[in-house]
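When you get a sec, could you give me coordinates for this:
(one chain, ligands or ions: 1)
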Amino acid sequence: MSISTRVIRFVQNELIQSGHRIGSVDGRLGPNTEKALRKELADRAAELPPGWESWPRTRLFTAYVQLRCREEGVNPGAIDGLWGSQTDYAVNVIRERIQNNLTAPNFRDNEELDPHRPHPWPRQTQEEVRAFFGNVGTHQTMLDLPYTHRLAWDKNVLINRYSCHEKVHDSLNRILTRVHEHYGEERIIELRLDLFGGCFNKRKKKGGSTWSMHAWGVAVDYDPENNQFRWGWDRASFARPEYDAWWKIWEEEGWTGLGRSRNYDWMHIQAPHL
Ligand SMILES: [Zn+2]
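Next up, the predicted model:
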């Protein structure tokens, strides 16, 4: 049982999404990947056996994979850095889940969210989204923001409007107006509800061939730095109780947060439901 390049690529993608500069996703365990793994493991040192720092690269990689599986709720066996059938099975479960965006367990109970919520929006399949919103990149309009935003990756850049699909325009406007009324300017900045991570962006899904909801301008990202793609509720700031009102406001307009429903990508909120 050996580590496949497919699994290495998957981990390299995650490391890049977490902000590590590892160069290209090449499926090889090179020195830059090792450096990134060491940083990630150092953050989780309490969960590792003593002496892990002196492990060779493949063992560090394996330990990282085992911890990721455990974070995703799939049992990888002991966190020992040794690749076995249990680890191999577990990582393929989480890889499928994350890459295909399909079978992640619901973070919140479906019963709690779904039946009581209106769904004014289509489901997130490419066909249903296209039927409802048209082709990717069409019907875009500018939303004048009820409160000033800052660009998440360059906070000196102030934003007073952004592009979205014309069918979500009024809903977004109501949501952000309510957010503004509920929290007020100061609290919005404190809670980083003004850090804009992007709305319309004609691109494919991460690691996939289908269009992202951003390609229709019907999804928006907030505070990506503190709500990174693979972070769960234990790390993502939007999972904290002070954001309950934020989520309630979005959900009352029928929007879906991936964090709330699938416990990853907490930055991402979309109109189409899952
Ligand atoms: Zn997004």
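
alpha carbons only for contacts and neighbour counts from here, please
Will do.

how many other residues sit next to residue 216?
26 (other Cα atoms under 10 Å).

and it, what does it touch?
133, 135, 136, 137, 138, 164, 165, 200, 201, 202 (Cα atoms under 8 Å, 6 or more residues apart in numbering).

now the fourth one, nearest residue through space, not along the chain?
The shortest distance from residue 137 to any residue other than its chain neighbours is 5.4 Å, reached at residue 216 (Cα to Cα, 6 or more residues apart in numbering).

Of the contacts of residue 216, just the buried ones, PyMOL syntax please.
To isolate the buried members of those in PyMOL, using 16 or more other Cα atoms under 10 Å:
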select buried, resi 133+136+137+164+165+200+201+202
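
Show me which pair in the contacts of residue 216 is furthest apart.
Greatest spacing in the contacts of residue 216, by Cα to Cα: 133 and 201 (14.8 Å).

what sits up against the helix of greatest length in the chain?
In the chain, taking DSSP state H as the definition, the longest helix is helix 166-190. Contact with helix 166-190 is made by 133, 139-147, 194, 218, 245-246, 249-250, 253, 271, as judged by Cα under 8 Å, 6+ apart.

Now for whichever residue of the chain sits closest to the ion, how many residues are close by?
At 4.1 Å from the ion, residue 268 is the closest residue in the chain, using Cα to the ion. Applying other Cα under 10 Å, we find 25 residues neighbouring residue 268.

Tell me the spacing between it and residue 227.
9 Å (Cα to Cα, to the nearest Å).

got any ranges where the stretch 101-250 of the chain has weak pLDDT?
Counting by pLDDT under 70, the stretch 101-250 of the chain contains low-confidence residues at 101-119.

which residues in it form strands?
Assigned by DSSP state E, counting those that start in this stretch, the strands in the stretch 101-250 of the chain fall at 140-151, 154-165, 195-198, 219-222.

can you list these in CSV and add distance to residue 99?
Putting the strands of the stretch 101-250 of the chain into CSV (distance: least, Cα to Cα, whole Å) gives the following:
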stretch, distance to residue 99
strand 140-151, 27
strand 154-165, 25
strand 195-198, 21
strand 219-222, 18
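
still on that earlier bit, show the buried residues in the contacts of helix 166-190.
The buried subset of these - by 16+ other Cα under 10 Å - is 133, 140-141, 143, 146-147, 194, 218, 246, 249-250, 253, 271.

Quick check: phi and psi at residue 229.
Main-chain torsions, residue 229, degrees, to the nearest 10: phi -40, psi -50.
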